[in-house]
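Chemist: Quick check, what structure comes out for this input:
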Amino acid sequence: MEISCTSCGNAYPSDRLPYCCLKCGGLYDFRTPFPFDPEQVDRSKPGIWRYRHTFGIPPDYEPVYLGEGNTPLIWAEVFKRKVAFKCEYLNPSGSFKDRGSAVIAAWLHSRGVNEAVEDSSGNAGASFAAYAARIGIKARVFVPESASGVKRRQIEAYGAELVLVPGSRSNVAEAVKRVADTGIVYASHGYLPFNLPGYATTAYEIYEQLGNKMPGAIILPAGQGGLLLGLARGFKAVRIAINTVINIPRIIGVQAYRCAPLWEMLTGGSTRAGLVTENHTLAEGAQVRNPLRGDIVLQEVEASNGSICVVEENEILPGRDALAHRGFYVEPTSAIVWSALKQMIQYLPDPVVVVLTGSGYKYG
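Modeler: Below you'll find the model as predicted:
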């Protein structure tokens, strides 16, 4: 699996783990489709590790497993339609981030890294702290002072050093980059591409759980848009593998109106992104003013005939309650899908899959 800079084409080094291009400072990304092959899926392995052949990690590396992946797909009747809910909040640290963290941790561990930093609004930091603890990496996690107290306590419980940064989520990103630029490995879920094949396993599972069929549409929260990008590439990899002409699902990304750069870019052009304000929202996990791969994410949304929805602040907690009353206990960031489902369901083809990304136990 070839990884290179999206700006200058410089290949990713084989002996280091830089978070950005060593030549021009650009983003690294996979340059070829994920090599999903149904014949290579190892059913004897647990969770996401059935799809290890798609990760690009060394073949002799023994992975660390905490229970990530193989989350249930549960059907419920909502808005007079049968809808499938992919329960990613049941991953070991309580969010979908575990799929990406497990693969990032494998890359770090296989290259002998013993210390790393990460920044997060909460879930990615907690997830990275869990895997770092498991493989013996000293972790330092930067989060906003406003981050959920539950997530902060979870990060510390895993033994990571918690660094609280005053101000916005953008201030946190700037603080961690200053440290990373001193030479410490930056295990970034935004900059590094290694988590994307991990997120793609969600697509493989959904395809299998639907009886080897594609969803008609999929709805999910989008901050950086990493999960959305991983899903899109995962469904494309399935289509290539089965060697037939089928549509990938319509992808509906959801953002809070108070911080909705992807929606601004989609509706008003890329120049609108610079006008986005980082207002506080209950959907803290999607509060990202400048998505690093925003252009690529929107290319996938448009290629799927999908869209980006926005949700007003006063719709978030009622959405959380509506999901809870159906047995799905999720945090506010995850709950923004409810309003989007209500807005879009009449326009979407069956089967509709909604991704529930984070546990309700994360909020408070």
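
Chemist: mind checking how far the residue lying farthest from the centre of the chain is from residue 330?
Modeler: Within the chain, residue 80 marks the point farthest from the mean C-alpha position, 29.3 Å out by CA atoms, centre = their mean. According to CB to CB, to the nearest Å, residue 80 and residue 330 sit 22 Å apart. C-beta: built from backbone N, CA, C; applies to glycine.

Chemist: go on, residue 187?
Modeler: Taken as CB to CB, the span from residue 187 to residue 330 is 26 Å.

Chemist: Equivalent analysis for residue 359, please.
Modeler: 7 Å.

Chemist: likewise residue 291?
Modeler: The gap separating residue 291 from residue 330 is 22 Å, by CB to CB.

Chemist: out of those two, which sits in the busier spot?
Modeler: Neighbour tally, residue 291 and residue 330, criterion other CB atoms under 10 Å: the higher count belongs to residue 330, 29 against 25.

Chemist: quick one: which helix or strand includes the spatially most central residue of the chain?
Modeler: Centroid-nearest residue in the chain: residue 227, 3.2 Å away (criterion: CA atoms, centre = their mean). Residue 227 belongs to helix 226-242 when assigned by DSSP states H and E.

Chemist: And that helix, what's buried?
Modeler: Across helix 226-242, burial judged by 16 or more other CB atoms under 10 Å covers 226-239, 241.

Chemist: And stretch 4-13, by the same measure?
Modeler: Buried, per 16+ other CB under 10 Å, within stretch 4-13: 4, 5, 6, 12.

Chemist: can you list these in TSV and add distance to residue 86?
Modeler: Shown next, in TSV, are the buried residues of stretch 4-13 (distance: CB to CB, whole Å):
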residue	distance to residue 86
4	31
5	32
6	29
12	30
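
Chemist: Hmm, residue 73 is touching residue 208, no?
Modeler: No. At 9.4 Å, residue 73 and residue 208 do not qualify as touching, with contact defined as CB atoms under 8 Å.

Chemist: Could you tell me which residues touch both of residue 359 and residue 330?
Modeler: Common contacts of residue 359 and residue 330, defined by CB atoms under 8 Å, 6 or more residues apart in numbering, comprise residue 89.

Chemist: Any figure for the gap between the closest residue to residue 51 other than its chain neighbours and residue 46?
Modeler: Spatial nearest neighbour of residue 51, chain neighbours left out: residue 201 (5.0 Å); criterion: CB to CB, 6 or more residues apart in numbering. Distance of residue 201 to residue 46, computed by CB to CB: 12 Å.

Chemist: With neighbour numbers in mind, choose between the two.
Modeler: More crowded of residue 201 and residue 46, by other CB under 10 Å: residue 201, with 29 against 15.

Chemist: Just say helix, strand or coil for the more buried one.
Modeler: Under DSSP: H, G, I helix; E, B strand; the rest coil, residue 201 falls in the helix class.

Chemist: Against residue 192, how distant is it?
Modeler: 17 Å.

Chemist: circling back to that earlier point, residues in contact with both of residue 201 and residue 46, list them for me.
Modeler: Counting by CB under 8 Å, 6+ apart, the residues touching both residue 201 and residue 46 are residue 69.

Chemist: need the contact list for residue 294.
Modeler: For residue 294, the contact set (CB under 8 Å, 6+ apart) comprises 225, 261, 262, 265, 273.

Chemist: pLDDT and neighbour count added to those residues, as CSV?
Modeler: Below are the contacts of residue 294 laid out as CSV (pLDDT from 0 to 100; neighbours: other CB atoms under 10 Å):
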residue, pLDDT, neighbour count
225, 96, 28
261, 94, 25
262, 95, 28
265, 91, 21
273, 55, 17
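
Chemist: Find the nearest non-adjacent residue to residue 159, please.
Modeler: Closest residue to residue 159 apart from its sequence neighbours, by CB to CB, 6+ apart: residue 133 at 5.2 Å.

Chemist: for the strand or helix carrying the one you found, which positions count as buried?
Modeler: Secondary structure assigned from DSSP H and E places residue 133 in helix 123-135. Across helix 123-135, burial judged by 16+ other CB under 10 Å covers 123-135.

Chemist: circling back: residue 99 versus the nearest residue to the residue nearest to the centre of the chain once chain neighbours are set aside, what's the distance?
Modeler: Once flanking residues are discounted, residue 227 sits nearest to residue 199: 5.0 Å by CB to CB, 6+ apart. Distance from residue 199 to residue 99, counting by CB to CB: 5 Å.

Chemist: Which neighbours do the two have in common?
Modeler: Counting by CB under 8 Å, 6+ apart, the contacts common to residue 199 and residue 99 are residue 230.

Chemist: Distance to residue 67 and pLDDT for the buried residues of helix 123-135 - can I get that in CSV?
Modeler: Formatted as CSV, the buried residues of helix 123-135 follow (distance: CB to CB, whole Å; pLDDT from 0 to 100):
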residue, distance to residue 67, pLDDT
123, 16, 94
124, 17, 94
125, 19, 95
126, 14, 96
127, 12, 97
128, 16, 97
129, 16, 97
130, 10, 98
131, 11, 98
132, 16, 97
133, 14, 97
134, 11, 96
135, 15, 94
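
Chemist: which of those residues sit farthest apart?
Modeler: Farthest-apart pair in these is 123 and 135; separation 19.2 Å (CB to CB).
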